[in-house]
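**Student:** how does the following fold in three dimensions:
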Amino acid sequence: MQDLKWAVHAAILLSLAAILACGSSSGPDGDAQDNGDQPAEQTGTETAPEQPADQKTETPKPIKWEIGKRGGQFVFSTISPPKSFNVIVSNESSSSTVLGFIYEGLTTTDPATTEVIPHLAESWDVSEDGLTYTFHLRKDVKWNDGAPFTAADVEFTFNELIYNDNIQNASRDIFTIAGEEIKVTAIDDHTARFILPKKFAPFLRAVGMDILPKHALKELVDKGEFEHSLGVDSKPEQIIGTGAFMLERYRSGQRVILKRNPHYWKRDDAGNQLPYLNRIIIEIVQNQDVAVMKFKQKELDYYALRGEDYPDLKPMEEAGDFKVFMTGINRGSQFLFFNQNNDKKLSRQVIQRECTTLGIKLEEPTRNDKELNEKLMEALPPDVLARLKDKEGVPNVDPVKLKWFRNVQFRKAVSHAIDRKSMVNVLMNGLGVPQWSPVGPGSPFFHNPNVPKHPFNPEKAAKILADAGFKDTNGDGFLEDPDGNTVEFNLTTNSENTVRIKMAEMIRKDLENIGFKVHFLPQQFNMLVSKLDSSFDWQAMILGLTGGIEPHFGQNVWKSSGHTHMWFPRQKKPSTEWEARINDLFDMGVQELDPEKRKEIYNEWQVIAADELPLIYTVLGKRIEALRSGLGNIHPTSYLGAIHSLERVYRK
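**Tutor:** Here you go, the predicted structure:
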C-alpha cells in the first residue's frame, strides 16, 4: 500500500511492515532523569509511557539476535516507483520504500520494546532543565562513499536543510516548537548539541530523523539547487547514506537494486560486519494482484496480504514454502477527503508583471517556471499579493463545490453514507475494523475510543442534507444544493492499489444512493501526490497515511501550516476555529512531559478530528504478512511486524 508519510520517517529498523504496511517509527518519550546539579547521563534507552491497566500486556524483551552468515538477496515488491531519492523533500512512501534502507538517524526504536535506543549517537546527556541535549556520536561510522560521519553532518542536516526556508520539507513542521527552531551546533567532530526553545516530549525519538552528508551536498545547497537534486535519475554514487544498504541501480518503472554498504558500522555479537545480505531487490509491479501472483511463483520473499488473500494463501503455507504472520492492526489509515483549499492561484504573467512594476528581481537563478513563480510570490508584499488574488486570482476549487466541501454537515452526511461494515467484510475478508479518528487501536496508549462517530445510516445522511437545503428538485435522482447546483464531483485514488480501487467503487455507490453524482477517476500515486503538494487540482480523494505510536509526528498533517495538511496545506493562518484549536493542542502536546496529560491533550485532538471530519476515516485492516522460509533472524513484533532489521536477516 502506498501512502503519504508522517514526517519523521527515520529509525525504521529496515522494516518492511513499517515501509509497506503503514508503520512509522514513532512513540512517546519520558522525561530525562536528573542527577543533582549535573547533566543526566542517558544509558541509552527511553521508554514509552506506561499503558493504562486495562491495556497492559506482558512487557516485551529485547531480541536476542542469532549469528548469521553472509550472502544471498531478499526480494519484495512495491506498487509505485520512487518519486525522488531526496529524503528531505520527499513526502510519500513510494520514495521511503527505498530510502529507508540508505539513511539513518541519531537514535532508533527497539523493534520489540519500542524504547528509544542509540544509533549514530552512542549516548547523550540532558541538562537539568531538559532543554539542552548533547549527543556523543559513534566514531566508527562512515558514509557509504568512505568519508567519515561527523557532527558537522548533523549540524548541516538541521541548519542548512530542514530549517532552510528555500527547501520545502515536512520535517521542519516536526522540529518547530510553537513557532521556534532548535539550535543545533557541532561542538567537535563527534559531539553535537541541540538547544531546545521549549520542552519537546518526543525529542529523542524525533532525532531518529535521517542525517545527510555535508561533504556531498553542501555545494548544492549553496547554489540553491538542493531541493531539485537527488532525483530518480541520479547516479547511484550520488545517493550517500550511512545505512546498511546503498543504491546499486534503478531501472525506471521496473526495479530498484540495493547492495550492501561495505563501510557499514554495525556488527553482530561475534564481530562480523553487517549486513549479511548482499542485495535487496525491490520489484515495481502494476498492482497487488501481480504482487501476489509473483509471491506464489516464488519470485518474491515477502508479501503484505490483503484480507482477501488470507483464505487463499494460508492453506498453501507448507506447499508454498512460506509462513503467514498476523501481528495486529495496522497503525496507518485510509480515508476520504475533500479539497477545502479556499486560496486562489495567480498566473505567471500576473506575478511577473507585478514584480516588474515593483522592481522586484531574484538574485538567485531558478530551475523552472514553477520555482520562479513561487519565489516571486514570496517576494511580493503580503498586501500586494492579497490584492492581486482578490482581483485576478483563479480559485483552486470551484466555489460551488468548495461551499459543499467546507460544510461540516455535508461531510457528516458523507460519513453516514459509507458502509464500513461491508468494507471490512468485502475488502478485508472480515479481518479489519472501522476507524473513526486519526489514532487507531493499533496504537493503544494514545488511541481515544470515545470520539464522536458517524456510522452507516443513509436515512440520517439524507436528513442532514435535507436540513442543509440539499434536495432533488427536478426528480432526476440527484440532489441539488440550495442554489440549484447538482451535487456532482470527481473522486480519485491511486490506480495501483486494488483495495483502494474497490473501496472507491463502494464509496461511489454509497454516495450515489444518497443522491450524489460521483465520477471515479483513478490516477497514479505519484501524480496524486503532486496534485496535493502543488497544483491543488482535485476535488475528492481516497488516500492513506503512514501512522505511528507518537502523535506529534503527525504535526505536518494536522497543523494548518503543515506541508501535508492535505485538505488545505500551508495556510498562512488557520482557516477555521477548530484548526486553530488543533494547532494549539499540538503545541501543548509536544511540550507536556507527563504521559497521562499528553494523552488528554491528544484525546481532544481526536475528538475534534472525528467531529469536524476533514479526513473521513474508513477501515483498518489487520497486518498480515507472508514470508518465505529459509530466512534467519525473523522475530515478529507487534510494533514492526513479521520482518524488520534487515541488516540482521540472513539466508540459512
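**Student:** please enumerate the strands of the stretch 501-650 of the chain.
**Tutor:** Using DSSP state E, counting those that start in this stretch, the strands found in the stretch 501-650 of the chain span residues 517-520, 540-545, 615-617, 619-628, 631-632, 650-651.
**Student:** report the strands that pair with the first one, each with its relative direction.
**Tutor:** It stands for strand 517-520. Note on strand 517-520: by DSSP bridges, its sheet partners are strand 488-493 (parallel).
**Student:** repeat that for the fifth one.
**Tutor:** Sheet pairing for strand 631-632, assigned by DSSP bridges, gives strand 650-651 (antiparallel).
**Student:** thinking again about what came up before, reformat the strands of the stretch 501-650 of the chain as CSV; add distance to Ala206.
**Tutor:** For the C-beta atoms, the positions are set from N, CA and C on the backbone; glycine is no exception. As requested, the strands of the stretch 501-650 of the chain are exported to CSV (distance: least, CB to CB, whole Å):
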stretch, distance to Ala206
strand 517-520, 39
strand 540-545, 18
strand 615-617, 23
strand 619-628, 24
strand 631-632, 32
strand 650-651, 31
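**Student:** of all the ones you listed, which one is nearest Met246?
**Tutor:** For Met246, the closest of the strands of the stretch 501-650 of the chain is strand 650-651, at 18.5 Å, according to CB to CB.
**Student:** helices along the stretch 201-350 of the chain, start to end?
**Tutor:** 203-206, 214-222, 288-296, 310-313, 317-320, 348-358 (DSSP state H, counting those that start in this stretch).
**Student:** for Asn159, find the nearest of the ones you listed.
**Tutor:** helix 214-222 (10.1 Å).
**Student:** I figured Val126 hits Phe135, correct?
**Tutor:** No. Look at Val126 against Phe135 with CB atoms under 8 Å: they stay out of range, at 10.2 Å.
**Student:** can you give me the helices for the stretch 1-150 of the chain?
**Tutor:** Under DSSP H, counting those that start in this stretch, the stretch 1-150 of the chain gives helices at 16-20, 93-99.
**Student:** pick out the shakiest of these, pLDDT-wise.
**Tutor:** Sorting the helices of the stretch 1-150 of the chain by mean pLDDT places helix 16-20 lowest, at a mean of 43.
**Student:** how far away is Gln606 from Pro381?
**Tutor:** 39 Å (CB to CB, to the nearest Å).
**Student:** how about the contacts made by Ile211?
**Tutor:** Contact partners of Ile211, counting by CB atoms under 8 Å, 6 or more residues apart in numbering, are Tyr103, Glu104, Gly105, Leu106, Leu120, Phe149, Asp153, Val154, Thr157, Thr242.
**Student:** in the longest helix seen in the chain, what's buried?
**Tutor:** Ranked by residue count and defined by DSSP state H, the top helix of the chain is helix 595-612. Residues 595, 598-599, 601-606, 608-612 are the ones in helix 595-612 that count as buried (16 or more other CB atoms under 10 Å).
**Student:** same question, stretch 244-254
**Tutor:** Ala244, Phe245, Met246, Leu247, Tyr250.
**Student:** which of those sits closest to Ala468?
**Tutor:** Distance to Ala468 across the buried residues of stretch 244-254 (CB to CB) is lowest for Tyr250, with 50.3 Å.
**Student:** residues contacting that closest one?
**Tutor:** Counting by CB under 8 Å, 6+ apart, Tyr250 makes contact with Pro82, Val232, Pro236, Val256, Ile257.
**Student:** Tyr302: which of those is nearest?
**Tutor:** Nearest to Tyr302 among the contacts of Tyr250, with distances taken as CB to CB, is Val256, at 14.6 Å.
**Student:** contacts only, for the closest one.
**Tutor:** Counting by CB under 8 Å, 6+ apart, Val256 has contacts Pro82, Val98, Leu247, Arg249, Tyr250, Ile281, Ile282, Ile284.
**Student:** format the residues you listed as CSV; extra columns: distance to Leu631.
**Tutor:** Shown next, in CSV, are those (distance: CB to CB, whole Å):
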residue, distance to Leu631
Pro82, 25
Val98, 21
Leu247, 23
Arg249, 24
Tyr250, 25
Ile281, 15
Ile282, 17
Ile284, 22
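**Student:** nearest to His563, of those residues?
**Tutor:** For the contacts of Val256, the nearest to His563 is Pro82 (18.7 Å; CB to CB).
**Student:** any regions of the stretch 451-600 of the chain where pLDDT drops low?
**Tutor:** Filtered on pLDDT under 70, the stretch 451-600 of the chain yields no residues whatsoever.
**Student:** may I have the longest helix of the chain exported as PDB, CA atoms only?
**Tutor:** Extracted in PDB, the C-alpha atoms of helix 595-612 (Å, rounded to 0.1, in the frame of the first residue of the first chain):
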ATOM      1  CA  PRO A 595       2.300  10.900  29.700                       C
ATOM      2  CA  GLU A 596      -1.200  11.000  31.000                       C
ATOM      3  CA  LYS A 597      -1.600  14.700  30.500                       C
ATOM      4  CA  ARG A 598      -0.200  14.300  27.000                       C
ATOM      5  CA  LYS A 599      -2.800  11.600  26.400                       C
ATOM      6  CA  GLU A 600      -5.600  14.000  27.400                       C
ATOM      7  CA  ILE A 601      -4.300  16.700  25.000                       C
ATOM      8  CA  TYR A 602      -4.300  14.300  22.100                       C
ATOM      9  CA  ASN A 603      -7.700  12.900  23.100                       C
ATOM     10  CA  GLU A 604      -9.200  16.300  22.500                       C
ATOM     11  CA  TRP A 605      -7.400  16.500  19.100                       C
ATOM     12  CA  GLN A 606      -9.000  13.100  18.100                       C
ATOM     13  CA  VAL A 607     -12.500  14.300  19.300                       C
ATOM     14  CA  ILE A 608     -12.200  17.400  17.100                       C
ATOM     15  CA  ALA A 609     -10.900  15.500  14.100                       C
ATOM     16  CA  ALA A 610     -13.700  12.900  14.400                       C
ATOM     17  CA  ASP A 611     -16.400  15.600  14.700                       C
ATOM     18  CA  GLU A 612     -15.100  18.000  12.000                       C
END
